[in-house]
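*Asks:* what follows is a predicted protein model with its sequence.
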Number of protein chains: 2
Amino acid sequence: MRVSAGTPRKRASPIADDGDEFHFCSTCAFSAACLDSGYGKPELRELHVLVEHIGPFKEGEHIFREGDEFNAIAAVRGGTVKTYVNDLEGREQVQGFFLPGEVIGLSAISQGRYPCNAVALDSVVLCRFSFPTMAALAARMPGLQAQLFRLLSQDIGKAALLAGNYSADERMAAFLISLSRRYAARGFSATRFQLTMTRTDIANYLRLAAESVSRVFRRFQDDGLIRVERRDLELLDRPRMEELARSVLRE
Amino acid sequence: MRVSAGTPRKRASPIADDGDEFHFCSTCAFSAACLDSGYGKPELRELHVLVEHIGPFKEGEHIFREGDEFNAIAAVRGGTVKTYVNDLEGREQVQGFFLPGEVIGLSAISQGRYPCNAVALDSVVLCRFSFPTMAALAARMPGLQAQLFRLLSQDIGKAALLAGNYSADERMAAFLISLSRRYAARGFSATRFQLTMTRTDIANYLRLAAESVSRVFRRFQDDGLIRVERRDLELLDRPRMEELARSVLRE
DNA sequence: GCAGCACCTTGATCTGAATCAATTGAGAGT
DNA sequence: ACTCTCAATTGATTCAGATCAAGGTGCTGC
């Protein structure tokens, strides 16, 4: 079985060592759409051909950069990816953090070029999907097309979240609840996890100063909402945190 | 020629009065994708069947409301549409203004329900597209599928624009330049146009207080950047305005 | 060990925009 | 003309969070 030629990166694991067995990685955002849709071997085989497992990327290594030609989207299999742009004064604007199971690169479709940078915050492995091939395949697999539409549409909504004018506390609460839920959805603890990003990254994401992030953490800790030590975070009072985040997350 | 049954609204103009001639409205976001793709009559006829010209909606009339079941997207043919949500304190958060040629409803795909309200700011007419039918058709018309992906991806980027933390002046400049360009793209004047929305709408869109909008307008006028009287706006110094907007629009 | 460094915290001060408050202006209806 | 109402302006004051400034803390490498 051959793999479509992509960017020349070392492959972390072969897609299929044996001749006939197909492996879908459980974290991959498309596996459900593909397995559920009851397609025969030809389609599944074709899908495999367009998938490429890449990585690992080391901490600080870039996955793509602003202006790079777009030809593939990728699902995170492990690690955390940060996307960002630099504004004209050189300050970093973090657009998002992507955990296992989440898809990066969707905003590049319209331009044909990546509109932002993507960097690994820790050791990152990805599933890479050639977009042209995927689009062609989507034409024959309604489930896949629907999944693509859904993912794209979701991201429009997500981007609107951090657009509102909320207080530093509300933004931070929403950020922590969001992380908690996303980790929980992947089977990790919902109440205790590592912050894989720096305080500055969080600040740039929430449109706050790094000092403000520090102060909010202190306030939350003094109020018994969290326990935070360096990158290790524990949610002590999830209900109260949800309540704080409510207005941002619109529930 | 029959029109697929949609929401029971009066149709502004028949899609095709005669038996064989096809009319694409020039403002419709999909017309180019369809006409360019060199498809035969069967496909074009099918596309027509899923299009419905609806309206006019009167000022203040709602096109859809948050929570409504999603079954169609729509391209604005005339007028201005505002989309918004109410936050938990009842304050209105304006998500966008849609001018002729622009598409509303895309963020609803992922949920199957509209996540926001859409209201007419003046007299509005739309092209309505049944989304399920459109998705099915997209499977056979790669140009249409690509156009849909492009539109969705574009909106992700747009939403990120107003997310940055910019000054009131920068936000306003970016807003005015954006309006100017979008009007110009449709053949209207790039330097003089009507603000179809209230100051409060602008404020809620730019995440400012209405008073701040008023003050920015005053400042811009005193600086000779614009002339604004009631809803009538003229850009007097476009280059300087572009410069102000530069950091927001990322150029 | 300790030097170097990046990350983080804490305190003092400053500031842009929000809020509060009052007035003016324009259209719609009578 | 007149009132009613909603939109818009203008000024005074307040406040959340930025910025400035000065340590602290825990790595990594020598």
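*Replies:* Okay, I see it.
*Asks:* in the strand or helix carrying A:F175, what counts as buried?
*Replies:* Using DSSP states H and E, A:F175 sits within helix A:168-185. Buried residues in helix A:168-185, defined by neighbour count with 16 or more other Cβ atoms under 10 Å in any protein chain shown: A:168-180, A:182-183. The C-beta positions use only the backbone N, C-alpha and C, and glycine is treated the same way.
*Asks:* C-alpha coordinates for that helix, CSV please?
*Replies:* Listed in CSV are the C-alpha atoms of helix A:168-185, where the atom choice follows Å, rounded to 0.1, in the frame of the first residue of the first chain:
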residue,chain,number,x,y,z
ALA,A,168,-10.7,38.8,32.5
ASP,A,169,-12.3,36.4,35.0
GLU,A,170,-15.0,35.3,32.6
ARG,A,171,-12.6,34.7,29.7
MET,A,172,-10.3,32.7,31.9
ALA,A,173,-13.1,30.6,33.4
ALA,A,174,-14.4,29.9,29.9
PHE,A,175,-10.9,28.9,28.8
LEU,A,176,-10.4,26.5,31.7
ILE,A,177,-13.9,25.0,31.3
SER,A,178,-13.3,24.5,27.6
LEU,A,179,-10.0,22.8,28.2
SER,A,180,-11.6,20.6,30.8
ARG,A,181,-14.4,19.5,28.5
ARG,A,182,-12.1,18.8,25.6
TYR,A,183,-9.7,16.7,27.8
ALA,A,184,-12.7,14.9,29.3
ALA,A,185,-14.0,14.1,25.8
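*Asks:* and after it, which helix or strand comes next?
*Replies:* strand A:192-194.
*Asks:* chain center to that next one: distance?
*Replies:* 17 Å (Cα atoms, centre = their mean, to the nearest Å).
*Asks:* how about stretch A:180-195?
*Replies:* For stretch A:180-195, the distance to the chain centre is 14 Å (Cα atoms, centre = their mean).
*Asks:* and that stretch, end to end?
*Replies:* Taking Cα to Cα, to the nearest Å, stretch A:180-195 runs 11 Å from one end to the other.
*Asks:* if you average the pLDDT over that stretch, what comes out?
*Replies:* Averaging pLDDT along stretch A:180-195 yields 94.
*Asks:* over to stretch A:143-162?
*Replies:* 84.
*Asks:* so does it get close to DNA strand D?
*Replies:* No: residues of stretch A:143-162 contacting DNA strand D under Cβ under 7 Å from any atom of the strand: none, with a closest distance of 12.7 Å.
*Asks:* touching chain B at all, that stretch?
*Replies:* Yes: using Cβ under 8 Å from any Cβ of the partner chain, we find that stretch A:143-162 touches chain B at A:145-146, A:148-157, A:159-160, A:162.
*Asks:* among those, which are in helices?
*Replies:* A:145-146, A:148-157, A:159-160 (DSSP state H).
*Asks:* one step back: could you work out the most separated pair of the buried residues of helix A:168-185?
*Replies:* Largest separation among the buried residues of helix A:168-185 by Cβ to Cβ: A:A168 and A:Y183, giving 22.7 Å.
*Asks:* run a quick neighbour tally on the residue nearest to A:S107 when sequence neighbours are not counted.
*Replies:* Excluding the flanking residues, the one nearest A:S107 by Cβ to Cβ, 6 or more residues apart in numbering or on different chains is B:I156, at 4.3 Å. Neighbours of B:I156 under the rule other Cβ atoms under 10 Å in any protein chain shown: 26.
*Asks:* just A:R231 next, same as before
*Replies:* Neighbours of A:R231 (other Cβ under 10 Å): 12.
*Asks:* beta partners of the most centrally placed residue in chain A?
*Replies:* Centre of chain A computed as the mean C-alpha position; nearest residue by Cα atoms, centre = their mean is A:F98, 2.1 Å away. Per DSSP bridges, the residues bridged to A:F98 are A:V81.
*Asks:* likewise the one 5 residues further on?
*Replies:* In this structure, A:V103 has the following beta-bridge partners (DSSP bridges): A:A75.
*Asks:* residue contacts, the residue nearest to the centre of chain A?
*Replies:* By Cβ atoms under 8 Å, 6 or more residues apart in numbering or on different chains, the residues touching A:F98 are A:76, A:80-83, A:104.
*Asks:* can the strand or helix carrying A:F129 be said to contact chain B?
*Replies:* Here A:F129 sits within strand A:124-130, counting by DSSP H and E. No: judged by Cβ under 8 Å from any Cβ, strand A:124-130 makes no contact with chain B; its nearest approach is 13.3 Å.
*Asks:* up against DNA strand C, what does the stretch 51-200 of chain A have?
*Replies:* By Cβ under 7 Å from any atom of the strand, the residues of the stretch 51-200 of chain A that approach DNA strand C are A:165, A:198-200.
*Asks:* from the residues you listed, which two are the most distant?
*Replies:* Farthest apart among those - using Cβ to Cβ - are A:N165 and A:T198, which lie 24.5 Å from each other.
*Asks:* residues of the stretch 51-200 of chain A that sit close to DNA strand D?
*Replies:* A:167-169.
*Asks:* mind listing what the nearest residue to A:A138 once chain neighbours are set aside touches?
*Replies:* Distances taken as Cβ to Cβ, 6+ apart place A:Q145 nearest to A:A138, at 3.9 Å, with adjacent residues excluded. With contacts defined as Cβ under 8 Å, 6+ apart, the neighbours of A:Q145 are A:138-139, B:135, B:138-139, B:145.
*Asks:* state the distance from A:Q145 to DNA strand D.
*Replies:* 41 Å (Cβ to the nearest atom of the strand, to the nearest Å).
*Asks:* can you check A:S189 too?
*Replies:* Taking Cβ to the nearest atom of the strand, one finds A:S189 at 21 Å from DNA strand D.
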